[in-house]
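J.: one predicted model, sequence on top.
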Amino acid sequence: MEDDDMKCEICNKIFQNKHDLVTHINSFAHQQKERSQRAVFINRVSSDIYINEIIKCISQFGQIKKYNVIANDGFNDVTIEFQDKKTREIVLSKTIKVGNKELCIYSFQRYNKKHDETPSLCYDKIKTVFNSQSSFNDQLQAFIKAVAITNDDVKQRYEPVCQTLDILFQTTLSKLKSHMFGSTVIGLGFKNSDLDIFLNIGIPVVEENTCVRGPHVITVDRLFVIIEKVLRSNIHLFTNFCFIRRAKIPIIKCFYLPTKVRCDISFKNSLALYNSKLVHYYLSSDVRFTPIMMLIKYWLHVYHMSNDIGITKYAITILFIFYLQQIKLVPPVIKLQEECSVPIFVKGWQVNFNKDFQQSARLRAENKYTNKSIPEILGEFFEFYANYDFETQVLCPIDGQSYSREQLKEGNCLSPSQMRYINYLEVDKNPQVLQTWKPICLQDPIELNNNIMKNVCSANLKKFQNYFSIAAKIVHDSSENGYIDLLKNLFNEQNYIVKYNKIKQESITLQIQFAELFASRKNGNLIKDKSNNNTTWFDITSNVVKQILEKVLNLKVNETKTNPEVENVTVLHCKGNQCLWFNRKNYKVNRHIPNALEKEILITKMLIDDMEKKKDLSLVSDIIMDVKCHITRKATPNDCVVITVFDNGCSGKIFNKFVNYFLVKTQSILKQVFEYIHKNPNP
């Protein structure tokens, strides 16, 4: 028998006889390797993406034999095995998105989990440090030692990545220089932290549709081609590639093998470098600040708030700095920038500041917070935001002040630092407005038109403040025994489950201003409404909301009045038994349909048709949908509509899931409907 007949091509092994070959083929090792050649691995899937959406999306390329899902630090890792190798190769060759999120899909063979040996930071892994130490300070030191990277880690594990990149790109991008930013340089890095890298290409990076061309610039697509080619040609150094091209900030995700570091590489986010320097200055100004921020960041990690609520680690850090400004422990950003003799501007915003600035000894001595302990400052931080009026106020670290949303919109009574933002709106040809209409508006300390908490919806704002309220109470209660039980209770999820159920809201409110509905999505400039829309817009809004409930969510809606004498109040009582907010992203309609509401109604019809054809009861289980929706018009201080949804007896956790979809989708559809009305006044 020929040698080829005795060779296993999959395992690349040669056998002396047929019996040994058959024995090998029936072995677990061979079968596992054979399955791996038909499988793909999807890494770190956001928890807000439903697994059945992924499976349905990928199954269009071929038959799926089975799949497996493993929770991993707030994300999901998904393994999919196909019936044949051909399907796997097709899937690996595609850029696949679920909704607007690109999946990071790897060859199962290439994504070897033993590569990624970064330690888990789940609470169960480190909770023993809170039991073995006698005092809060001892526990805090043990906690920092268990979770934080050291300066040696940065030098030995993280800095070599940048050094390697600089060497690899010497011939193709000779001016390139890589820079670390984010938690590793701020001093807030965890042992499993990704490394954020900014590639300064040395020449401007332009979009494909720009008219600027020549050797003095490079396009985003061309740059991606170069970077991908270099990285893939050095697979002994980098692996597990994921190229996210179409995001606002394009990112290359990869894994650096020599020091086992996950990397996020960008080349359009230069402001992040200066943000990191600013944050590092603030946290380094007092020995208490970094440990407090490490506790807050770990608290955010334990309860998956980045994924579930939409609060980024950067945003929570700026919230902490803003709080420190309120208690006068750190100066506002403008105070630091005014000390610079020569301001430096990047993308129109001043980025430099006086790193040597120090508050006077007299002011520190007079400040009661100067001598407060870490637990005391932590508890008051939680209490501050548990009670903060996010509905009407905008947080502005540039000058350490809160402004009403109307002040920033109208430009009235603003400090000189905020006039920078107003001047930007007047001078820039295509300004991006600060999204003050979002449930939370936290102005970036440098890029003043950027709301860094714009992704938090109304329902999640309630959840956010409830979590802060619980944390504040835990800190307060722990003060009775010298905070010995503080960390153990702060990170114990059961405390939040019990307390959250007690204070859980039975209603959620969304407020939309009339001016917001007539805002251009491209540049935020208000459309000058010359018609009498201001008197009829409430009726249009009420009608749209009713159609969303009836025709998009397929609920039976009865319109009632709590008080017939009260004008401008619509009350809708809605009942149903279907969760039609699931899987909608998988259905595509004609993109030329201009009306956003019509698109959603068509998707609902397609979804129901599919359910009936497949007899799919997954969306029609034994649930009860029973809500009341109050739509109220308020004329002062600015004309606005208030939509309040009440739980009237929904089963399980359906109410929270319903309002998360309904309020976000309603706000989006209303904006598009009014924009369509403006462009087509006589349809």
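T.: Yes, it's here.
J.: could I get the average pLDDT for whichever strand or helix holds Cys254?
T.: Element membership for Cys254, per DSSP states H and E: strand 251-256. Strand 251-256 shows a mean pLDDT of 92.
J.: and whatever helix or strand comes next after it, what does it pack against?
T.: Toward the C-terminal end, the helix or strand that comes next after strand 251-256 (DSSP H and E) is strand 261-266. With contacts taken as 3 or more CB pairs under 8 Å, 6 or more residues apart in numbering; DSSP states H and E, strand 261-266 sits against helix 159-168, strand 195-200, strand 251-256. From N, CA and C alone the C-beta is placed, and that goes for glycine too.
J.: how about stretch 452-466: buried residues?
T.: 452-466 (16 or more other CB atoms under 10 Å).
J.: need the winner for burial among the helices and strands packed on strand 261-266.
T.: The highest mean neighbour count among the helices and strands packed on strand 261-266, using mean count of other CB atoms under 10 Å, belongs to strand 195-200: a mean of 22.
J.: Cys574 against Val645, yeah?
T.: No: the criterion here is CB atoms under 8 Å, and Cys574 misses it with Val645 at 9.0 Å.
J.: so between those two, which is more surrounded?
T.: Each of Cys574 and Val645 has its neighbours counted (other CB atoms under 10 Å); Val645 has more, 26 against 21.
J.: give the bridge partners for the more buried one, please.
T.: Ile508, Cys629 (DSSP bridges).
J.: which stretches in the stretch 301-450 of the chain count as strands?
T.: Remark: strands assigned in the stretch 301-450 of the chain by DSSP state E, counting those that start in this stretch are 345-346, 349-350, 393-396, 401-404.
J.: can you list the strands that the second one pairs with?
T.: Strand 349-350 has the following sheet partners, assigned by DSSP bridges: strand 345-346 (antiparallel).
J.: do the last one as well
T.: Neighbouring strands of strand 401-404 in its sheet, by DSSP bridges, are strand 393-396 (antiparallel).
J.: I'd like the distance from the strand it pairs with to the chain centre, please.
T.: Centre-to-centre, strand 393-396 and its host chain are 20 Å apart (CA atoms, centre = their mean, to the nearest Å).
J.: and the strand holding Cys254, how far from the chain's centre?
T.: Chain-centre distance of strand 251-256: 18 Å, with CA atoms, centre = their mean.
J.: residues in contact with that strand?
T.: Contact partners of strand 251-256, identified using CB atoms under 8 Å, 6 or more residues apart in numbering, comprise 104, 115-116, 160-161, 164, 195, 224, 227-228, 231, 237-244, 261-266.
J.: so that strand versus strand 261-266, what angle?
T.: Counting by axes from the mean of the first three to the mean of the last three CA atoms, to 10 degrees, strand 251-256 lies at 160 degrees to strand 261-266.
J.: dump strand 251-256 to CSV, restricted to CA.
T.: Taking Å, rounded to 0.1, in the frame of the first residue of the first chain, the C-alpha atoms of strand 251-256 are listed here in CSV:
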residue,chain,number,x,y,z
ILE,A,251,-10.0,49.6,14.4
ILE,A,252,-7.8,46.6,13.8
LYS,A,253,-8.1,44.0,16.6
CYS,A,254,-5.3,41.4,17.0
PHE,A,255,-3.4,39.3,19.5
TYR,A,256,0.3,39.8,20.1
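J.: report the angle between it and helix 159-168.
T.: Between strand 251-256 and helix 159-168, the angle comes out at 110 degrees (the same axes, to 10 degrees).
J.: what values do phi and psi take at the closest residue in space to Pro375 that isn't next to it in sequence?
T.: Spatial nearest neighbour of Pro375, excluding adjacent residues (CB to CB, 6 or more residues apart in numbering): Tyr483 at 4.5 Å. With angles defined as degrees, to the nearest 10, Tyr483 sits at phi 70, psi 20.
J.: stretch 659-667 - what's its average pLDDT?
T.: 83.
J.: what's next to that stretch, contact-wise?
T.: Residues contacting stretch 659-667 (CB under 8 Å, 6+ apart): 457-460, 508, 510, 512, 544-545, 548-549, 552-553, 581, 600, 643, 645.
J.: now with 7 Å?
T.: When contacts are defined by CB atoms under 7 Å, 6 or more residues apart in numbering, stretch 659-667 is touched by residues 457-459, 508, 510, 512, 545, 548, 581, 643, 645.
J.: rebuild those residues as TSV, extending it with pLDDT.
T.: Shown next, in TSV, are the contacts of stretch 659-667 (pLDDT from 0 to 100):
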residue	pLDDT
Cys457	80
Ser458	75
Ala459	72
Ile508	74
Leu510	74
Ile512	74
Val545	92
Ile548	93
Trp581	80
Ile643	87
Val645	88
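J.: quick one: mean pLDDT for stretch 345-355?
T.: Mean predicted confidence for stretch 345-355 is 92.
J.: let me see the confidence value for Asn534.
T.: Reported pLDDT for Asn534: 52.
J.: what count of nearby residues applies to the residue nearest to Pro375?
T.: Neighbour count of Tyr483, defined by other CB under 10 Å: 24.
J.: Phe136 is in contact with that one, correct?
T.: Yes: if you go by CB atoms under 7 Å, Tyr483 and Phe136 touch, sitting 4.1 Å apart.
J.: overlap in contacts, those two.
T.: Shared contacts of Tyr483 and Phe136, counting by CB under 7 Å, 6+ apart, come down to Pro375.
J.: ok, the contacts of stretch 659-667 vs Lys671, which is closest?
T.: Nearest to Lys671, judged by CB to CB, of the contacts of stretch 659-667 is Ile512 at 8.6 Å.
J.: that closest one: what secondary structure?
T.: Under the three-state scheme (DSSP: H, G, I helix; E, B strand; the rest coil), Ile512 adopts strand.
J.: that one is in contact with Asp639, isn't it?
T.: No: with contacts counted by CB under 7 Å, Ile512 stays clear of Asp639, the gap being 10.2 Å.
J.: just the pLDDT for the residue nearest to the spatial centre of the chain.
T.: For the chain, the residue nearest the mean C-alpha position is Gly310 (4.5 Å; CA atoms, centre = their mean). In this model, Gly310 is scored at 83, pLDDT.
J.: quick one: the nearest residue to it once chain neighbours are set aside from Gln443, how far?
T.: With sequence-adjacent residues excluded and distances taken as CB to CB, 6+ apart, Gly310 is closest to Asn455, at 3.8 Å. Applying CB to CB, to the nearest Å, the value for Asn455 to Gln443 is 15 Å.
J.: do His573 as well
T.: Per CB to CB, His573 is found 40 Å from Gln443.
J.: and Lys599, by the same measure?
T.: Taking CB to CB, one finds Lys599 at 33 Å from Gln443.
J.: now do Val206
T.: From Val206 to Gln443 the distance is 28 Å (CB to CB).
J.: likewise Arg405?
T.: Going from Arg405 to Gln443 by CB to CB gives 11 Å.
J.: list the residues that contact both of these two?
T.: Each of Val394 lies in contact with both Arg405 and Gln443 under the rule CB under 7 Å, 6+ apart.
J.: for Val220, give me the pLDDT.
T.: 85.
J.: now Ala386
T.: 94.
J.: tell me how many other residues crowd it.
T.: 17.
J.: what residues of the longest helix along the chain count as buried?
T.: Ranked by number of residues, the top helix in the chain under DSSP state H is helix 654-679. Buried residues in helix 654-679, defined by neighbour count with 16+ other CB under 10 Å: 654-656, 658-667, 669-675, 677-678.
J.: nice, that's everything, thank you.
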